[in-house]
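Novice: All I have is the shape, not the residue letters:
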């Protein structure tokens, strides 16, 4: 019986780790395209809505997994998993809707 209870915990740890890695990849992508959003490396000279959208996207990709880890420590593993996978799933939904 003890082995059955540790298997889902390991699977949840792997799932949340993959979600956090996906969030980190999105953050790297957002920073890589920031020059296109801001109109160059000099500063925020891009369109205001594009800069605001980029900033909010970056904040969600950073804060969502961090708050998910807080929920994990408090025992809310279901909520932590959802928070870690929120940004990648939102991008997938956006890509499907945009088509």
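Specialist: Right, received. Where do you want to start? Please read all numbers here as calculations on a predicted model, not as lab measurements.
Novice: where in the protein is pLDDT low?
Specialist: 1-8, 39-46 (pLDDT under 70).
Novice: for it, longest helix please?
Specialist: Assignment by DSSP state H gives helix 2-32 as the longest helix of the chain.
Novice: Just the buried positions in that one, please.
Specialist: 15, 16, 19, 20, 22, 23, 26, 27, 30 (16 or more other CB atoms under 10 Å). Bear in mind the C-beta positions are built from the backbone N, C-alpha and C, glycine included.
Novice: so after it, what's the next helix or strand?
Specialist: helix 34-38 (DSSP states H and E).
Novice: and after that next one, which helix or strand comes next?
Specialist: Immediately after helix 34-38, counting by DSSP H and E, sits helix 48-73.
Novice: got the angle for that next one vs helix 2-32?
Specialist: Counting by axes from the mean of the first three to the mean of the last three CA atoms, to 10 degrees, helix 48-73 lies at 160 degrees to helix 2-32.
Novice: Show me what helix 48-73 is packed against.
Specialist: helix 2-32, helix 34-38, helix 77-98 (3 or more CB pairs under 8 Å, 6 or more residues apart in numbering; DSSP states H and E).
Novice: Flag every buried residue along it.
Specialist: Within helix 48-73, judged by 16+ other CB under 10 Å, the buried ones are 51, 54, 57, 58, 61, 62, 64, 65, 68, 71, 72.
Novice: Return the member of the buried residues of helix 2-32 nearest to residue 82.
Specialist: Of all those, residue 19 has the smallest distance to residue 82: 9.1 Å, by CB to CB.
Novice: Excluding chain neighbours, give the residue nearest to the closest one in space.
Specialist: Leaving aside its sequence neighbours, residue 19 sits nearest to residue 84 (CB to CB, 6 or more residues apart in numbering; 3.2 Å).
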